[in-house]
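> Build me a structure from this.
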Amino acid sequence: MDRRAEIIRFGADGWHARFDDDFTEKNVTRVADALGLVWANATPGATVYVGFDTRHDARRLAAAAAGVLASYGLRARVSEAPCPTPALAWSCARDEAAVGAVMLTASERSCEYGGILVRGGDGGPVSRSFLDEVEQAISLEPTAEGGPFEECDLTSSYLTSLHGLVRRDAIAAARPKVVVDPMFGASTGLLSQLLSDLGCDVVEIHVERREDFGGIHPEPADPWADACEQAVVAHGAALGVLLDGDGDRAAVVDERGAILPARVLVPLLLGWLVEGHGARGRVVTTLTCSATIGHQAERLGCETTSVPVGFSRIYRETLEKDVVMGVEEYGGVCIPGHLRERDGLLVCLLAVEMLACSGKTMSQMAAELEAKIGATCYARRDLRLDPAVSQALRNVLPGLNPGELAGRAPVEVSHADGLRAQFEDDSWVLIRPSRTSSVVRVYAEAPSAPQRDALLEAACDLVREGL
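Got it, this is the predicted structure:
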């Protein structure tokens, strides 16, 4: 027997595996069995929501998981159709009887992968201690018989709630042409209908049901955004919006067909929330986020809190109830006043509203932002190491304290999440070994590309020399 296949471990964003390896119906039901046991022991008879994306066998696997959860006396409610993760989280958060939710998705990963996300009763991530308890409860054999469950609509009320968050009259008056790219994922048909109802002229691409995702990864970033970028130019659209496989992350393409990096899009959205909606509060970012977000927050009078990588850490900050926005490095945005989960559909909707109310193009707004807070050059490199070498780096990294990198002396060195060196002009570089694979991620940001690249090279050399 393959002992490796018996072990299931949750990473920071759930459990993922290949369909041709460990992501099987048996293993899905083993996970559901453990979740059912833990949830039923803590809250007998509670409600659990189950959603799924457009991947191979996702509906059938969701039904199998729901049956196992129901066998523990839980009320299992399964989406009647593929649904975005934020819709599942929203439904769960608004049901006082709900103890949690399960989403069958591998988000932005390629079609070869399946996955399971677990959410708590408020729609946010569960704690590491909860996942550890579930891991300990996973048996070698799944429950033989499932119980009855019900299907329900998890998207209509969620979409109605989004309608009420924006200025419908302004959008209807502007009637912008928008290219919507759900990337063959769970948001197919949903965001496009929402925008059409608001008065937008919508062109939706990648709408057909294709389990191979047409050869792309459902990740809202280049090169996978090429088709959306081309469609914006071809249709003369005001902007394009993309959503990842489960709809929790988004990206925006300007009228020239250029995707806006997170270091531009997020400050624009923050400015719109504060100046357009009158929102106030802290901005929570990970240590790998661009400095432009902090610059914009300072300009707007918002306090910034930086936390180590991982959405669960942002989530914990939102429990303080004074957070206006939480942001991950590549644009995952949480607006706690709406939901303690990242919501790509809301990001797209706010971008359209901002465009409609401003009377300007996206590129004009980006240029004005740069004039206000400055421009930076941001990049990441991944170094793949032998597992033993990667572990050795984790051991020695806390003791590394470079006095100079790329000919520059840092003003601060932190080991809060790897090794981060900060420089006087707000340049920075971060070396961060992955917790789940033998990859070292090196991030750098500086006023110019040559300065950024010099910091990247110096940090990569430090990794090699440190070993």
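> show me where the stretch 251-400 of the chain has strands.
If DSSP state E, counting those that start in this stretch is used as the criterion, the strands of the stretch 251-400 of the chain fall at 282-286, 304-307, 323-327, 333-334, 377-384.
> Sheet-wise, list the partners of the third one with their directions.
For strand 323-327, the paired strands and their directions (DSSP bridges) read strand 282-286 (parallel), strand 333-334 (antiparallel).
> would CSV of the strands of the stretch 251-400 of the chain with mean pLDDT, distance to A449 and mean neighbour count be doable?
Every residue, glycine included, has its C-beta placed from N, CA and C. Formatted as CSV, these follow (pLDDT from 0 to 100; distance: least, CB to CB, whole Å; neighbours: other CB atoms under 10 Å):
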stretch, mean pLDDT, distance to A449, mean neighbour count
strand 282-286, 97, 22, 23
strand 304-307, 96, 24, 18
strand 323-327, 97, 23, 25
strand 333-334, 97, 26, 26
strand 377-384, 93, 5, 15
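> Tell me, how many residues neighbour the closest residue in space to T54 that isn't next to it in sequence?
Using CB to CB, 6 or more residues apart in numbering and skipping residues adjacent in sequence, the residue nearest T54 is P82, 4.9 Å away. A total of 28 residues lie near P82 under the criterion other CB atoms under 10 Å.
> so P82 makes contact with F52?
Yes: with contacts defined as CB atoms under 8 Å, P82 counts as touching F52 at a distance of 6.0 Å.
> joint contacts of these two?
58-59, 186 (CB atoms under 8 Å, 6 or more residues apart in numbering).
> Contacts only, for T285.
Applying CB under 8 Å, 6+ apart, the residues near T285 are 293-294, 304-307, 326-327.
> go again using 10 Å as the cut-off
Shown here is T285, whose contacts under the criterion CB atoms under 10 Å, 6 or more residues apart in numbering are 266, 291, 293-294, 297, 304-307, 314, 317, 325-329.
> Now compare these and name the two farthest from each other.
Pairwise distances among these were taken by CB to CB; the largest, 18.8 Å, belongs to A291 and E317.
> okay, now the domains of this structure?
Listed by automatic domain parsing, the domain ranges of the chain are 3-154, 173-373, 377-466.
> Would you mind saying which of the ones you listed lies nearest T160?
domain 173-373 (9.4 Å).
> what distance separates the start and the end of that closest one?
For domain 173-373, the first-to-last residue distance is 31 Å (CA to CA, to the nearest Å).
> Next: stretch 270-282.
Stretch 270-282 has its terminal residues 11 Å apart, counting by CA to CA.
> buried residues in that stretch?
By 16 or more other CB atoms under 10 Å, the buried positions in stretch 270-282 come out as 270-274, 276-277, 279, 281-282.
> Of all pairs in those, which one spans the longest distance?
Of all the pairs that these form, the one spanning the most space (CB to CB) is G276 and R282, at 18.5 Å.
> Helix, strand, or coil at G240?
Of the three states, G240 takes strand under DSSP: H, G, I helix; E, B strand; the rest coil.
> which residues does it bridge with?
Here G240, judged by DSSP bridges, has bridge partners V179, V253.
> Next secondary structure after the helix or strand of the chain with the lowest mean pLDDT?
Taking mean pLDDT, DSSP states H and E as the measure, the chain has helix 3-6 as its least confident helix or strand, at a mean of 51. Scanning forward in sequence from helix 3-6, with DSSP states H and E defining helices and strands, the next element found is strand 15-18.
> partner strands of that following strand, parallel or antiparallel?
When pairing is defined by DSSP bridges, strand 15-18 lines up against strand 113-120 (antiparallel).
> can you give me the helices in the stretch 51-200 of the chain?
In order along the chain, the stretch 51-200 of the chain carries the following helices (DSSP state H, counting those that start in this stretch): 58-70, 85-93, 128-137, 156-163, 168-174, 190-197.
> Could you take those helices and lay them out as a markdown table, with extra columns for mean pLDDT?
Written out in a markdown table, the entries for those read as follows (pLDDT from 0 to 100):
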| stretch | mean pLDDT |
| --- | --- |
| helix 58-70 | 97 |
| helix 85-93 | 97 |
| helix 128-137 | 95 |
| helix 156-163 | 96 |
| helix 168-174 | 97 |
| helix 190-197 | 98 |
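> Could you point out which of the ones you listed sits nearest A367?
Nearest of the helices of the stretch 51-200 of the chain to A367, taken as CB to CB: helix 168-174 at 19.9 Å.
> neighbouring contacts of the closest one?
167, 178, 195, 197-200, 238, 276, 349, 352-359.
> Tell me the buried residues in it?
When burial is assessed from 16+ other CB under 10 Å, helix 168-174 yields the following buried residues: 170-171, 174.
> Could you list the low-pLDDT ranges of the stretch 351-467 of the chain?
Counting by pLDDT under 70, the stretch 351-467 of the chain contains low-confidence ranges at 466-467.
> and of the buried residues of helix 168-174, the nearest to T143?
Ranked by distance to T143 (CB to CB), these are led by I171 at 48.3 Å.
> Look up how far A279 lies from the closest one.
Between I171 and A279 the computed distance is 19 Å (CB to CB, to the nearest Å).
> okay if I get the domains of the chain as TSV plus distance to H163?
Shown next, in TSV, are the domains of the chain (distance: least, CB to CB, whole Å):
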stretch	distance to H163
domain 3-154	13
domain 173-373	7
domain 377-466	34
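> of all the strands of the stretch 251-400 of the chain, which lies closest to S71?
strand 333-334 (33.3 Å).
> Pull the residues that contact the closest one.
Contacts of strand 333-334 (CB under 10 Å, 6+ apart): 86, 124, 248-250, 262, 265-266, 269-270, 273, 284, 311, 314-315, 317-318, 323, 325-328, 340-344, 346-347, 350.
> Determine how far that strand lies from the middle of the whole chain.
Relative to the mean C-alpha coordinate of its chain, strand 333-334 is positioned 8 Å out (CA atoms, centre = their mean, to the nearest Å).
> any idea how far H338 is from E353?
Per CB to CB, E353 is found 14 Å from H338.
> Equivalent analysis for Q391, please.
Here the distance between Q391 and H338 works out to 40 Å (CB to CB).
> The two: which has the busier surroundings?
Higher neighbour count among Q391 and H338: H338, with 15 against 12, using other CB under 10 Å.
> Neighbours of the residue lying closest to that one once chain neighbours are set aside, how many?
Leaving aside its chain neighbours, H338 sits nearest to L346 (6.0 Å; criterion: CB to CB, 6+ apart). L346: 23 surrounding residues under other CB under 10 Å.
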